[in-house]
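Visitor: Need coordinates for the following:
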Amino acid sequence: MVLSREWALLLLLGLAVLPLMLRAEHGNEFVWEWRGNLAHRIIKEGSCELQAQKEDEVFVRHAGFLEETGLQFDGSGPEALKIILGRGLVIRGMEMGIEGMCIGEQRAIRIPPELAFDDPQKPFKKKPVKKGSVVEYQIELSDILRPGSFRYIQTKAYTQFGIPGIVALLVALWALYSLYQEYKKKQARKSGKRK
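Guide: Below is the predicted model of the structure:
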C-alpha cells in the first residue's frame, strides 16, 4: 500500500500533535522542565508560601530508581529525611532538584550520572548503582525550616529542650520586650525634659 503525499503529511501532522493532546489530557504528567542536565516534573502541587532554597532545613521522603530498569535502589521509607540544602549531604542533583519546591509538593527528578553517583566533586567509595547510570528520584517535601525565622528557633528550642525550652524561649522574649518598653519610656522622658 502506497500513501499519497497528502495522507503522509496528514499522518506526520497527527503524530506531531499527539503528544500535545496527551499533555493536555493528562495535565503535567508528561512535562519535564529542564535546568541544565537536570530535569524534573511536578507530580503534585504544594502550597507555595515558602519555597526551598540554599541553607534551608528541609524534610523529604524520597525513593530512588534506576531510569534504565525502573528498579528501586534507595528510599527513606515513611520517615522524612532531614537535609540542609547546599551542604552536600545528598547527591548534588537531588539538592538542585529540591531547590524551589514548595511544602507538600511531589516531584520526579531525573539526574544524570555527573550530578548523581559519578559526581567528580563528591566521589563515592561504594556506589549503589553502576557507573554511568541515570537515576530518577521521586521526592515529597513535607516541611521547610528557614534559619533565623521564629518557627526555626521555636522548633530548635522544642527539639533541643522540649516544652521547658519553649517556655524558656517565651520568657526570654517577654524579658526582651519588657526591656524594650523600659528603653522607650526612658527615651520619652529624656525628650520631654529637653523641651
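Visitor: what about the helices in this protein?
Guide: For the chain, the helices defined by DSSP state H cover 5-26, 92-98, 150-194.
Visitor: Show residues contacting stretch 82-101.
Guide: With CB atoms under 8 Å, 6 or more residues apart in numbering as the test, stretch 82-101 has contacts from 35, 38, 40, 46, 51-60, 62, 81, 107, 109, 111-112, 115-117, 119, 121-122, 135, 137, 139, 141. C-betas here are computed from N, CA, C, even on glycine.
Visitor: Mark which of these are buried, thanks.
Guide: Neighbour counting over the contacts of stretch 82-101 (16 or more other CB atoms under 10 Å) leaves 38, 40, 46, 52, 56-60, 62, 81, 107, 109, 111-112, 115-117, 119, 135, 137, 139, 141 as the buried ones.
Visitor: Tell me, please, the helix or strand in this protein that averages the lowest pLDDT.
Guide: Using mean pLDDT, DSSP states H and E, the weakest-scoring helix or strand in the chain turns out to be helix 5-26, at a mean of 46.
Visitor: Let me know the pLDDT of the nearest residue to residue 80 once chain neighbours are set aside.
Guide: Leaving aside its chain neighbours, residue 80 sits nearest to residue 59 (4.0 Å; criterion: CB to CB, 6 or more residues apart in numbering). At residue 59 the predicted local confidence, pLDDT, stands at 96.
Visitor: Is residue 59 in contact with residue 142, as I believe?
Guide: Yes: using CB atoms under 8 Å, residue 59 is in contact with residue 142, at 4.8 Å.
Visitor: Quickly list what's touching both of those two.
Guide: With CB under 8 Å, 6+ apart, residue 59 and residue 142 have common neighbours residue 80.
Visitor: residues near residue 43, how many?
Guide: By other CB atoms under 10 Å, 15 other residues sit near residue 43.
Visitor: Wait, it touches residue 107, no?
Guide: Yes: with contacts counted by CB under 8 Å, residue 43 reaches residue 107, the gap being 6.2 Å.
Visitor: so what sits against both of those two?
Guide: Common neighbours of residue 43 and residue 107 (CB under 8 Å, 6+ apart) are residue 138.
Visitor: Provide a list of residues in contact with the residue nearest to residue 80.
Guide: Contacts of residue 59 by CB under 8 Å, 6+ apart are 80, 81, 82, 83, 141, 142, 143, 144.
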